[in-house]
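>>> Just need the structure, nothing else, for what follows:
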Amino acid sequence: MKPRTIKFKRASLMAAVIAMATAAAGCASGGPYPLDTLSPKSDLTRSILNLFKEVTILDSIVLIVVIVAMIGAIFVYSSREGDPGEPSAMHSDVTLEMLWTVIPALILVAITVPTVHTIIRTQPDKWPAETLEVKVIAHQWWWEFEYPSLGVVTADEVHIPADRTIHFAMTSKDVIHSFFMPSIGGKRDVVPGQENQITLKADTPGEYYGQCTEFCGTSHANMRFRVFVDTPADFDKWVAHQNEPPVRPTDGAAAAGAKIWADAPCAICHTIKGVSGFSKDYTYGFRGPDLTHFGSRGTMAGSMLKNTPENVALWIKNPDAVKPGANMPTLGLDGEDLNDLVAYLESLK
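Numbering: from 1, shown residues only. Take a look at the predicted model:
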């Protein structure tokens with residue numbers, strides 16, 4: 001096979017690989033996907049996407065220049081078999097060496113400046129007076145959300161009002177986790193003994209997915225959560241409902257389940273306001289999710305299961321089978337006792 005034919009095939013193969021990579025990148029922007037970084041729904045994610053586009057355009061220009069230079073080197077400046085080569089008397093080219101030093105430095109500056117500007121703009125030291133603080137506490141393997149100014153505590157589902165600045169203050173109770181809500185607020189590591197922060201303003205009401213993205217143990221992949229961006233009126237209704245006392249059933253299966261709750265070890269780890277739970281220092285009564293309004297949540301078990309009676313029964317009967325390594329013990333409940341306890345939990349609307 002002739003050398004020119006070999007070079008042409010190599011160049012064609014490289015062009016095909018580049019084309020496929022570009023097509024794959026284009027397909028990634030099609031959606032919708034549960035964890036979609038290309039569909040921003042807040043000022044923070046929109047700034048990150050704009051930065052991504054700027055850097056991608058710059059990278060594409062560099063890629064085009066490199067491909068053009070490569071094709072020129074292959075088809076224009078390369079020698080052919082049998083062609084005599086002329087020896088060069090030049091030992092170095094100062095101009096060329098300066099260019100391939102200065103140009104990459106300018107490219108790095110062109111990337112660094114907008115990156116630093118975005119970081120400064122999206123991570124302020126001060127927030128507006130109306131900012132809502134949400135404390136995020138990571139556990140193996142579930143998320144706790146606390147609203148200090150509203151007196152609300154929930155798990156695995158966080159509600160925030162649209163068009164209002166939200167300040168997430170994050171820490172961990174065990175190992176390093178990572179708080180990732182791609183459509184709403186990017187990603188931050190959640191570290192024991194350290195408070196990391198995300199500040200944003202969501203602008204599109206809806207339900208969005210989140211995920212832990214730092215390997216944190218056996219059920220790392222099952223450590224999920226949901227973000228609900230509500231209209232201000234809907235958020236106020238949700239807060240008012242969360243501050244209502246829990247349902248106290250007086251008859252039927254739910255009432256029988258309330259008695260089972262009181263007799264079983266559930267109250268050692270879970271809080272139901274006014275029923276169980278004594279402190280919030282994690283020494284007693286609050287090691288597991290707050291279940292005060294458990295029945296009103298759409299998901300459970302680290303947001304990996306829909307909150308249905310069947311799934312609640314499955315979880316209580318054998319938590320480790322649903323989420324390997326779960327810290328919740330098997331209670332040994334079955335039959336009517338299990339059904340009554342499920343009825344009570346589902347009544348906590």
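
>>> so K306 sits right up against V312, yeah?
No - K306 is beyond contact range of V312, at 10.0 Å (criterion: Cβ atoms under 8 Å). For glycine as for every other residue, the C-beta is placed from the backbone atoms N, C-alpha and C.

>>> out of those two, which sits in the more crowded spot?
More crowded of K306 and V312, by other Cβ atoms under 10 Å: V312, with 22 against 13.

>>> what's the more buried one in contact with, if anything?
Counting by Cβ atoms under 8 Å, 6 or more residues apart in numbering, V312 touches M300, V342, L345, E346.

>>> ok, the last one - contacts?
Translated: E346. E346 neighbours (Cβ under 8 Å, 6+ apart): A254, F294, G295, N307, P309, V312.

>>> same deal with the third one?
Contacts of L345 were listed using Cβ under 8 Å, 6+ apart, and they are G257, W261, L291, F294, G295, V312.

>>> Save those as CSV, and put in pLDDT, secondary structure and distance to I268 too.
Shown next, in CSV, are the contacts of L345 (pLDDT from 0 to 100; DSSP: H, G, I helix; E, B strand; the rest coil; distance: Cβ to Cβ, whole Å):
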residue, pLDDT, secondary structure, distance to I268
G257, 88, helix, 17
W261, 85, helix, 11
L291, 89, coil, 13
F294, 91, helix, 17
G295, 90, helix, 21
V312, 92, helix, 19
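
>>> most surrounded residue in those?
Neighbour max across the contacts of L345 (other Cβ under 10 Å) = L291, 26 neighbours.

>>> and stretch 102-110, C-alpha only, in CSV?
Output of stretch 102-110 as CSV, limited to C-alpha atoms (Å, rounded to 0.1, in the frame of the first residue of the first chain):
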residue,chain,number,x,y,z
VAL,A,102,2.5,32.7,24.2
ILE,A,103,-0.6,31.3,22.4
PRO,A,104,-1.3,28.5,25.0
ALA,A,105,-0.8,31.1,27.7
LEU,A,106,-3.4,33.4,26.1
ILE,A,107,-5.8,30.5,25.8
LEU,A,108,-5.5,29.7,29.5
VAL,A,109,-6.1,33.4,30.3
ALA,A,110,-9.2,33.4,28.0
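
>>> for the record, mean pLDDT for that stretch?
Averaged across stretch 102-110, pLDDT comes to 91.

>>> distance of the most centrally placed residue in the chain from I272?
The centroid of the chain falls nearest to F180 when counting by Cα atoms, centre = their mean (1.8 Å). F180 is 30 Å from I272, where distance means Cβ to Cβ, to the nearest Å.

>>> residues contacting L150?
Residues near L150 by Cβ under 8 Å, 6+ apart: V239, Q242, N243.

>>> From these, which land in helices?
V239, Q242 (DSSP state H).

>>> Just the buried residues from the contacts of L150, in ChimeraX please.
Filtering these down to the buried ones (16 or more other Cβ atoms under 10 Å) takes a single ChimeraX command:
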select :239,242
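
>>> Including distance to R224 and pLDDT, could the contacts of L150 go into TSV?
Converted to TSV, the contacts of L150 look like this (distance: Cβ to Cβ, whole Å; pLDDT from 0 to 100):
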residue	distance to R224	pLDDT
V239	23	96
Q242	21	93
N243	26	92
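
>>> Same list, the contacts of L150, but as TSV with distance to T122 please.
Below are those laid out as TSV (distance: Cβ to Cβ, whole Å):
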residue	distance to T122
V239	26
Q242	29
N243	32
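
>>> and this structure, what are its domains?
3-24+32-78+95-122, 132-231, 252-347 (automatic domain parsing).

>>> most packed of those?
domain 132-231 (a mean of 19; mean count of other Cβ atoms under 10 Å).

>>> measure that domain end to end?
From its first residue to its last, domain 132-231 covers 14 Å (Cα to Cα, to the nearest Å).

>>> ok now it, how far from the chain's centre?
8 Å (Cα atoms, centre = their mean, to the nearest Å).

>>> tell me the average confidence for that domain?
93.

>>> max-length helix in the protein?
Longest helix of the chain, by residue count under DSSP H: helix 43-75.

>>> Show me what whatever helix or strand comes next after that helix is packed up against.
Scanning forward in sequence from helix 43-75 by DSSP states H and E, the next helix or strand is helix 94-122. Judged by 3 or more Cβ pairs under 8 Å, 6 or more residues apart in numbering; DSSP states H and E, helix 94-122 is in contact with helix 43-75.

>>> Nice, that's everything, thank you.
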